[in-house]
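Trainee: I need the structure of the sequence given here:
(one chain, ligands or ions: 1)
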Amino acid sequence: MPLATARVATDRPARYIKQLVSHMGHKATTALTPDGRGTITVAAGTCTLTPTPDRLELSASAVDVESLARVQDVVTRHLVRFATQEELSVEWTAPVDGAALDLTAPLVDEYLLSHHTPADEVLGDLAAATREATAGAANMQVSSDEGALLTMLTRLTGARFAVEVGVFTGYSTLCIARGLAAGGRLLACDISEEWTAIGRPYWERAGVDDRIDLRIAPALDTLRALDAEPVIDIAFIDADKAAYPAYYEEIVRRLRPGGLVVLDNVFLGGRVLDPAYREEHHLAMRRLNDLITGDDRVDSVMLPVRDGVTIARRR
Ligand SMILES: C[S@@+](CC[C@H](N)C(=O)[O-])C[C@H]1O[C@@H](n2cnc3c(N)ncnc32)[C@H](O)[C@@H]1O
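Mentor: Below you'll find the predicted structure:
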């Protein structure tokens, strides 16, 4: 549970951040962003410092509770020392587990789900058939608002060639196929004959089956067999998380300028924020989120849609 935050009332947050970043830069790795946020990384963990008009917000993370306490202690001590003209109160929250974080409150979720172009009967029937046939696995399916987002992004890019990595029973496949321009094609990659077979009748019912080229094979093989040219207008990645960096790389190098790559589950249920989670897919997603942020081939934005969606647009 190695995450903790503190809100420190002060009218000089930006000044303290600069002082801390500059002073601690001698012993720690520090950074200051153009919008005034500071990051301090010591051996035990990291603390980010964000200025608001009337306070300084701190958020600390570390691999375990003991390390977290060391990060909190070093930042608190320096902060209090720099505040020569006021007495700061630095009260940290109890440590929390990343997996306990909700991106949006349940009431907000409900509101979002009921305020987008509603899923039509075919999508509704496909969702119901998926629940019936796949039981617990059905929660892998994108939600109706994320499906609407995929159709909209596909339309906005005027996509004629789309790629999907992770079909499952084909809900997102149908949403992307519907957004394609006339004559467009969707290369849909999955390894499961069984799951994808559930979707096919619904693609037919929606009249888009002739646009969908389903490939049952490891997606990396399918992607690597594509021309090494900028041929992709939009791609959606929603498969095995540890392989996301490899999928991203194969796709970005084939995106046309202005083309989009959309990645699902970039928050990993909050675990991506919590350094205590160190399985291969946690490390891969953390690394990829950082890589995309600094990738000068794309402009990107991360949205709090369901489990987090990143949209990166090829420059
Ligand atoms: C989260 S589900 C996809 C959900 C889908 N986008 C939807 O909206 O219903 C992940 C899918 O990735 C597929 N998958 C896992 N490893 C894969 C791989 N190496 N290559 C291709 N597909 C893979 C699984 O078979 C599964 O159907």
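
Trainee: going forward, measure contacts between C-alpha atoms and count neighbours the same way
Mentor: Noted.

Trainee: any idea which helix is longest in the chain?
Mentor: helix 65-82 (DSSP state H).

Trainee: Which positions in the stretch 151-300 of the chain make contact with the ligand?
Mentor: For the stretch 151-300 of the chain, the residues in contact with the ligand (Cα under 6 Å from any ligand atom) are 165-172, 189-192, 218-219, 238-240.

Trainee: Now list the buried members of those residues.
Mentor: Those of those that meet the buried threshold are 165-172, 189-192, 219, 238-239, by 16 or more other Cα atoms under 10 Å.

Trainee: Ramachandran coordinates for residue 291?
Mentor: Residue 291 adopts backbone torsions of phi -60, psi -50, taken as degrees, to the nearest 10.

Trainee: Count the neighbours of it for me.
Mentor: Neighbours of residue 291 under the rule other Cα atoms under 10 Å: 12.

Trainee: for residue 86, same thing?
Mentor: So residue 86, with other Cα under 10 Å, has 9 neighbours.

Trainee: What does the pLDDT read for it?
Mentor: Per-residue pLDDT puts residue 86 at 91.

Trainee: Phi, psi for it please.
Mentor: Per degrees, to the nearest 10, the backbone of residue 86 is at phi -160, psi 160.

Trainee: That one and residue 75, how far apart?
Mentor: 17 Å (Cα to Cα, to the nearest Å).

Trainee: before we move on, back to that, check the buried ones among the residues of the stretch 151-300 of the chain next to the ligand and tell me the two furthest apart.
Mentor: 171 and 219 (17.8 Å; Cα to Cα).

Trainee: Next one: the residue sitting furthest away from the middle of the chain from residue 246, what distance?
Mentor: Computed with Cα atoms, centre = their mean, the maximum C-alpha offset from the centroid of the chain is found at residue 85, amounting to 41.2 Å. Going from residue 85 to residue 246 by Cα to Cα gives 52 Å.

Trainee: so who does residue 11 touch?
Mentor: 53-55 (Cα atoms under 8 Å, 6 or more residues apart in numbering).

Trainee: would you list those in a markdown table and tack on distance to the ligand and secondary structure?
Mentor: Formatted as a markdown table, those follow (distance: Cα to the nearest ligand atom, whole Å; DSSP: H, G, I helix; E, B strand; the rest coil):
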| residue | distance to the ligand | secondary structure |
| --- | --- | --- |
| 53 | 41 | coil |
| 54 | 42 | coil |
| 55 | 40 | strand |
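
Trainee: Switch the residues you listed over to CSV, and while doing so, append pLDDT to every line.
Mentor: As requested, the contacts of residue 11 are exported to CSV (pLDDT from 0 to 100):
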residue, pLDDT
53, 93
54, 94
55, 96
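
Trainee: if we can go back for a sec, quick check: the gap between the residue farthest from the centre of the chain and residue 10.
Mentor: 11 Å.
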